[in-house]
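1. Sequence first, predicted coordinates after that:
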Amino acid sequence: MKTKRILITGAAGFLGSHLCDRFIAEGYHVIGMDNLITGDLKNIEHLFPLERFEFHHHDVSTFVHLGGELDYILHFASPASPIDYLKIPIETLKVGSLGTLNLLGLAKEKNARILVASTSEVYGDPLVHPQNEEYYGNVSPIGPRGVYDEAKRFMESITMAYHRHHGLDTRIVRIFNTYGARMRLNDGRVVPAFMGQALRGEDLTVFGDGSQTRSFTYIDDQIEGIYRLLMSDYVEPVNIGNPDETTILEFAEEIIKLTGTNQKIVFKPLPVDDPLQRQPDISKAKEILDWEPKVHRSEGLKKVYEYFKSLSPEELHQKEHRDFSHLNGK
């Protein structure tokens, strides 16, 4: 039987690297692609000796060409943390627009099914709670976070246009807050931020009064949902997330209890356009994919804490992930 080939962009990132692992385990030939602006080769170096894995150091915003047949494309290339996309706003917009256009073109050329990674951020600061796929969102296109939100909204729009106009086989996943091993401690997202502060003996920083909510999905659950969506026949967007909602203040207290530290919680002003509520309605995922999260937050956080505890002191105290100055909005 012919080995199926899949291209995974953003392969050296958090989600991308776990997707590489999953498709290797499923028997695929995996082609990983990443420009390494925010990704890290250490996330996939364990795959390099494998015959069924190859890596291309490439920026999908320029063009994408691959020889041979291709069965599937997963487009996961994009800065995904506010710290990154506020530093490299133009690259963020380009990978969501030009990068998506290039990969849709490749999918059309290869007659491949493509799944694009959208986000709960397409809902912006939502006026509907919980958020279902029919909600159009409340997004500021000119706010600082708009570079990420609007890139993903455009991604969804052009993906559906290729589906309707060219008959391309497309899938759209809307990913809610996900956590797990290989997250960067300094990426600005709340799970690694709190874990890093606790491990370094620093106070935990809560923005606003901590009443804003998030819903956290463990990485294994997220990967399973993405896999099931890719293999389904459903072309409209699907929320993949955990409806178990918690306030940021409650979450900070959970981290302090888990880590056995007695840090204080300090409050700082809420960033511009920071969503006050985030909770997925996963009725479609349950009905269409027979999917719902299995890993309880207390169990998932223990696993992540063990991962972060295993990091070197150098990694634990690293403040800057990358120097983006050479990019300068290219």
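-> Nice, I can see it. Numbering: from 1, shown residues only.

2. mind listing the helices for the stretch 1-150 of the chain?
-> In the stretch 1-150 of the chain, the helices defined using DSSP state H, counting those that start in this stretch lie at 14-25, 82-87, 89-110, 146-166.

3. mind putting these in a markdown table, mean neighbour count and distance to residue 73 included?
-> Quick note: C-beta positions are derived from backbone N, CA and C, even for glycine. Formatted as a markdown table, the helices of the stretch 1-150 of the chain follow (neighbours: other CB atoms under 10 Å; distance: least, CB to CB, whole Å):
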| stretch | mean neighbour count | distance to residue 73 |
| --- | --- | --- |
| helix 14-25 | 22 | 11 |
| helix 82-87 | 20 | 22 |
| helix 89-110 | 21 | 5 |
| helix 146-166 | 19 | 11 |
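
4. any idea which of those scores lowest on pLDDT?
-> Ranked by mean pLDDT, these bottom out at helix 82-87, with a mean of 88.

5. before we move on, the earlier item: of all the helices of the stretch 1-150 of the chain, which lies closest to residue 206?
-> helix 82-87 (15.3 Å; CB to CB).

6. who touches that closest one?
-> 38, 78-79, 92, 144-145, 147-148, 186-189, 271, 321, 324 (CB atoms under 8 Å, 6 or more residues apart in numbering).

7. Over to stretch 62-76?
-> Residues from elsewhere that reach stretch 62-76 (CB under 8 Å, 6+ apart): 4-11, 13, 15-16, 19, 28, 31, 33, 56, 58, 60, 98-100, 102-103, 105-107, 110, 112-117, 155, 226, 230.

8. One more: stretch 185-204?
-> For stretch 185-204, the external contacting residues (CB under 8 Å, 6+ apart) are 80-84, 177, 179, 183-184, 205, 214, 216, 248, 251-252, 255-256, 259, 261, 263-266, 301, 304-305, 308-309, 311, 315-321.

9. what about dumping the CA coordinates of it to PDB?
-> The C-alpha coordinates for stretch 185-204 follow below in PDB (Å, rounded to 0.1, in the frame of the first residue of the first chain):
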ATOM      1  CA  LEU A 185       7.800  29.600  28.800                       C
ATOM      2  CA  ASN A 186       8.200  33.200  27.500                       C
ATOM      3  CA  ASP A 187       5.600  33.200  24.800                       C
ATOM      4  CA  GLY A 188       3.200  35.400  26.700                       C
ATOM      5  CA  ARG A 189       0.300  32.900  27.000                       C
ATOM      6  CA  VAL A 190      -1.100  32.300  30.400                       C
ATOM      7  CA  VAL A 191      -0.200  28.700  31.100                       C
ATOM      8  CA  PRO A 192       3.600  29.000  30.400                       C
ATOM      9  CA  ALA A 193       3.600  32.500  31.900                       C
ATOM     10  CA  PHE A 194       2.200  31.400  35.200                       C
ATOM     11  CA  MET A 195       4.300  28.200  35.300                       C
ATOM     12  CA  GLY A 196       7.500  30.100  34.500                       C
ATOM     13  CA  GLN A 197       6.800  32.700  37.100                       C
ATOM     14  CA  ALA A 198       6.100  30.000  39.800                       C
ATOM     15  CA  LEU A 199       9.200  28.100  38.900                       C
ATOM     16  CA  ARG A 200      11.400  31.200  39.000                       C
ATOM     17  CA  GLY A 201       9.900  32.300  42.300                       C
ATOM     18  CA  GLU A 202       8.300  35.400  40.800                       C
ATOM     19  CA  ASP A 203       4.900  36.800  41.600                       C
ATOM     20  CA  LEU A 204       2.100  35.700  39.200                       C
END
